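J.: Here is my input, please return the structure:
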Amino acid sequence: MNIFARVFDQMARMGLAFKSDPIKVIETEGREWGGVTGGLDLSIAPRKDQKDLISVILRNVEPAAKRVVTRGWLHFLEVHVTAPDGSAVPLSAYGRQALDPSRATSQMTVQLGPNEMVETELPIGILYEMSMRGGYKVSVSSRLPGGVLTSNDCSVNHA
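T.: I've put the predicted structure just below:
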């Protein structure tokens with residue numbers, strides 16, 4: 001038995017495991033997109049399996065690579081939530097704390113090659129006071145050097 005096999009066997013006996021994460025495939029079929037700004041585009045959609053989460057895809061639509069530097073997704077994206085009665089939905093106590101600008105201390109760089117995209121999820125159900133029953137209208141925007149990047153609108157049903 002070679003040395004690597006013995007090491008992995010010993011680690012398995014100790015309850016340790018090695019695995020490589022599978023490459024995440026970003027599903028875009030049936031998605032709507034906002035307008036292109038600075039070569040980037042945004043799409044949002046509710047998660048089918050967890051209704052209080054929205055999937056956000058940032059896509060580079062240009063043939064050249066793009067680089068976005070931000071203070072994390074929660075501070076890069078501005079979420080707009082409208083209640084079923086048409087009123088603006090306020091942040092929850094957790095949302096006010098999580099989105100406090102003083103908490104945006106670490107820098108994040110997103111590199112997107114030509115036609116590449118990246119996906120994140122936003123827990124709007126805990127960030128906003130979604131206490132009414134019915135469909136909430138959600139959109140996302142971000143301020144970029146070339147203007148404001150705006151997503152499509154989506155509806156999130158809250159029971």
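
J.: Please list the residues outside stretch 101-108 that contact it.
T.: 69-76, 97 (Cβ atoms under 8 Å, 6 or more residues apart in numbering). C-beta coordinates here come from the backbone N, C-alpha and C atoms, glycine included.

J.: just for the protein, where's the confidence low?
T.: The chain contains residues with pLDDT under 70 at 1-23, 159.

J.: Any idea which residue is closest to the centre of it?
T.: Centroid-nearest residue in the chain: residue 120, 2.4 Å away (criterion: Cα atoms, centre = their mean).

J.: Go ahead and build a ChimeraX selection from the buried members of the contacts of stretch 101-108.
T.: For the buried members of the contacts of stretch 101-108, the matching ChimeraX selection, counting by 16 or more other Cβ atoms under 10 Å, is:
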select :70,73,74,75,76
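
J.: so residue 94 sits in a helix?
T.: Yes. Checked against DSSP: H, G, I helix; E, B strand; the rest coil, residue 94 lies within a helix.

J.: give me the number of residues near it?
T.: For residue 94, the neighbour count with other Cβ atoms under 10 Å is 13.

J.: residues touching it, list them.
T.: Contacts of residue 94 by Cβ under 8 Å, 6+ apart are 126-127.

J.: try it again with 6 Å
T.: Residue 94 makes contact with residue 126 under the criterion Cβ atoms under 6 Å, 6 or more residues apart in numbering.
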